[in-house]
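Engineer: I would like to see how this sequence folds:
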Amino acid sequence: QVQLVESGGGSVQSGGSLSLSCEASGYMYDMGWFRQGPGKEREGVATIGSDGRSRYRTSVKGRFTISRDNSKKTVYLQMNSLKPEDTGIYYCAAGYYDSLSASDFTYWGQGTQVIVSS
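Structural biologist: Below is the predicted model of the structure:
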């Protein structure tokens, strides 16, 4: 069983930056950040495997960076050049497959709100 606790998030103007953190209890599997915007389905934003290899949603490439610190059991998401369409609830997830598909992830955090205003 893995428990995930997110922190960070908040409100920022377009072009601003935010940083999210997710601390895991237990073993850190493949880790990911997902988001769900208003009226939208949950979508993969960025994932990072246990080997450190990362994947990004096309729309966030070059703006977001995912990283992990296994010694601290923490995964991070640095978000720069934020846009209003990045608004949503951001969820941390852990699973056994390195993909951007939510169905491949087993454990989920409670989510943290990110609001980007124009």
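Engineer: who are the neighbours in contact with the closest residue to residue 17 other than its chain neighbours?
Structural biologist: Computed as CB to CB, 6 or more residues apart in numbering, the closest residue to residue 17 that is not its neighbour in sequence is residue 80, at 4.7 Å. C-beta here means a position set from N, CA and C on the backbone, and glycine is covered the same way. Neighbouring residues of residue 80 by CB atoms under 8 Å, 6 or more residues apart in numbering: 17, 63-65.
Engineer: Please apply the same query to residue 111.
Structural biologist: Contact analysis of residue 111 by CB under 8 Å, 6+ apart lists 6, 36, 89-91.
Engineer: Go through those residues and name the one nearest residue 13.
Structural biologist: Among those, residue 90 lies closest to residue 13 (CB to CB), at 17.6 Å.
Engineer: hey, what's the residue lying closest to that closest one once chain neighbours are set aside bridged with?
Structural biologist: Setting aside the residues directly before and after it, residue 90 is nearest to residue 35 in space (CB to CB, 6+ apart), at 4.8 Å. Beta-bridge partners recorded for residue 35 (DSSP bridges): residue 43, residue 90.
Engineer: Could I get the contacting residues of residue 35?
Structural biologist: Contacts of residue 35 were listed using CB under 8 Å, 6+ apart, and they are 42-43, 45, 86, 88-91, 114.
Engineer: Would you mind giving these as TSV with pLDDT added?
Structural biologist: TSV is the format used below for those (pLDDT from 0 to 100):
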residue	pLDDT
42	96
43	97
45	98
86	97
88	97
89	98
90	98
91	98
114	98
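Engineer: Tell me the buried residues within those.
Structural biologist: 42, 45, 86, 88-91, 114 (16 or more other CB atoms under 10 Å).
Engineer: would CSV of those with distance to residue 102 be doable?
Structural biologist: Output for the buried ones among the contacts of residue 35, formatted as CSV (distance: CB to CB, whole Å):
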residue, distance to residue 102
42, 5
45, 11
86, 17
88, 13
89, 13
90, 13
91, 9
114, 17
